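K.L.:
coords please:
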Amino acid sequence: MVPTSTPQTPFGRVLTAMVTPFAADGSLDLDGAQRLAAHLVDAGNDGLVISGTTGESPTTSTVEKDSLLRAVVEAVGDRAFVVAGVGTNDTRRSIELAHQAVAAGAHGLLAVTPYYNKPPQEGLYRHFTAIADATELPVMLYDIPGRSGVPIRTETFLRLAEHPRIVANKDAKGDLAAASEVIARTGLAWYSGEDVLNLPLLSIGAVGFVSVVGHVVTPELRALLEAHLSGDHAKATEIHLRLLPVYQGIFRNQGVILSKAALNLLGLPAGPLRLPLVEATEAEIEQLRQDLRAGGVHL
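P.N.:
Residues are numbered from 1 along each chain as shown. Below you'll find the model as predicted:
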C-alpha cells in the first residue's frame, strides 16, 4: 500500500532521487531500474523521484522517461510514492511530460526551476502554475539555483503556495533563513534536497528528505528522522555527524557519478553514465570506498 499522503507529508518523508540504470551499451536497463526501485523501497524509502537530476534527465529521451516511469510504477507503485521529474526550461515540454506522467501512473510531479534561460520571477511563477494547471497531480517545486542560475524568491513562493496543487518544495538553495521564512508563511511541505543539511532543515520545519545518499544509507536517514521526530535530538545529531563522510563522499564529484559508483561497488543496478557525465576514476572510487566505510557502509 502506498504510504498515506497528508497535507504535512504529501509524498511521505524519506525519498531517494533515483539514478537511471543503464546497460553496458548505454541503453536503458529497465529490469535493473525495477530491481533498484524495489531495493530502495525495501530499505525504507516512502517514495522515489524518477528522472530528476540524479536520474540523468537531461540525457534521456521522452520515450525513455515514459518507459522508465512505467517500469518503476509497475515495480513499486503499490507501496511507494513515485514522483516524476518533469521540469525543463521549456514550459510546453514540461506540460507534455506532466501529461505523460499521469498516463504512466505517477503519484506526483517534481518541477525544477528552469535552467539556462534564467527567467525572471514572473516567468517562474507562470511556468510552475502552468505545470500545476495541466494535471490533477500534486507538484513539488525544486529550488536549486546552483544548477538553474535563478532562485525562487520568497515572494514567488508565497504566490505559488496559493495554488491548490503546488504542495511542496525540494530545497537545495542552502539558505536556512529564506527557508525559515517560507515555511513560517506558507503551508508548503519542505523537503531537504541537500543531504548535508537534512538535520538543519528538519530543525526549522522540514518534513523529510529527497536524498541522493539514500541510495546507500536509507535506514540511517530514517533513523535520523525518527530520532528528530521523537525529540531525541542528541541521537539525531549523532547520526548526522556519523553520516558526514557519506555526504562528503557522494558529493566529491557530481552526486550521480559517485552514486552510480557506490551502487556498482554494492552490486546493485546502476551501470555507466551518459556523456557529458563520465565514470568515476579509480582514484575517486578508492576515495569513495574510504568515505563510505568511514560512514558505516559495509562494502
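
K.L.:
Please count neighbours and contacts with C-alpha atoms only from this point.
P.N.:
Noted.

K.L.:
lowest average confidence, helix or strand, in this protein?
P.N.:
The helix or strand of the chain with the poorest confidence is helix 145-148; it has a mean of 94 (mean pLDDT, DSSP states H and E).

K.L.:
Can you point out the buried residues in that one?
P.N.:
By 16 or more other C-alpha atoms under 10 Å, the buried positions in helix 145-148 come out as 145, 147, 148.

K.L.:
now the strands for the stretch 101-250 of the chain?
P.N.:
With DSSP state E, counting those that start in this stretch as the criterion, the stretch 101-250 of the chain has strands at 108-112, 139-143, 166-171, 189-192, 208-211.

K.L.:
nearest to residue 35, of those strands?
P.N.:
Of all those, it is strand 208-211 that lies closest to residue 35, at 18.6 Å by C-alpha to C-alpha.

K.L.:
what does the closest one contact?
P.N.:
The set of residues external to strand 208-211 that reach it, using C-alpha atoms under 8 Å, 6 or more residues apart in numbering, is 9, 12-17, 49, 170, 190-195, 198, 202, 225.

K.L.:
Quick one: mean pLDDT over it.
P.N.:
What strand 208-211 shows for mean pLDDT is 98.

K.L.:
Ok, stretch 173-180 next?
P.N.:
98.

K.L.:
List the contacts of residue 69.
P.N.:
Counting by C-alpha under 8 Å, 6+ apart, residue 69 touches 50, 84, 101, 104, 106.

K.L.:
Compile these into a markdown table and extend it with columns for pLDDT and distance to residue 240.
P.N.:
Output for the contacts of residue 69, formatted as a markdown table (pLDDT from 0 to 100; distance: C-alpha to C-alpha, whole Å):
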| residue | pLDDT | distance to residue 240 |
| --- | --- | --- |
| 50 | 98 | 26 |
| 84 | 98 | 28 |
| 101 | 98 | 34 |
| 104 | 98 | 36 |
| 106 | 98 | 31 |
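
K.L.:
Relative to residue 245, which of these is nearest.
P.N.:
Once C-alpha to C-alpha is applied, the member of these that ends up nearest residue 245 is residue 50, at 25.6 Å.

K.L.:
I'd say the closest one and residue 15 touch.
P.N.:
No - between residue 50 and residue 15 there is no contact under C-alpha atoms under 8 Å: 10.5 Å.

K.L.:
that older thread, for ChimeraX, what selects the buried ones among the contacts of strand 208-211?
P.N.:
Those of the contacts of strand 208-211 that count as buried under 16+ other C-alpha under 10 Å are selected in ChimeraX with:
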select :9,12,13,14,15,16,17,49,170,190,191,192,193,194,195,198,202,225
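
K.L.:
Where helices are concerned, which of the contacts of strand 208-211 count?
P.N.:
Members of the contacts of strand 208-211 lying in helices (criterion: DSSP state H): 198, 202, 225.

K.L.:
and which of those is nearest to residue 60?
P.N.:
So of the ones in helices among the contacts of strand 208-211, ranked by how close each gets to residue 60 (C-alpha to C-alpha), first place is residue 198, at 28.6 Å.

K.L.:
quick one, what contacts the closest one?
P.N.:
Residue 198 sits next to 192, 208, 209 when contact means C-alpha under 8 Å, 6+ apart.

K.L.:
Bridged to the second one, which residues?
P.N.:
In this structure, residue 208 bridges to residue 191 when assessed by DSSP bridges.

K.L.:
what's the neighbour count on it?
P.N.:
Neighbourhood size, residue 208 [other C-alpha atoms under 10 Å]: 25.

K.L.:
Quickly note the distance from it to residue 116.
P.N.:
28 Å (C-alpha to C-alpha, to the nearest Å).

K.L.:
and what of the last one?
P.N.:
Relative to residue 116, residue 209 is positioned 26 Å away (C-alpha to C-alpha).
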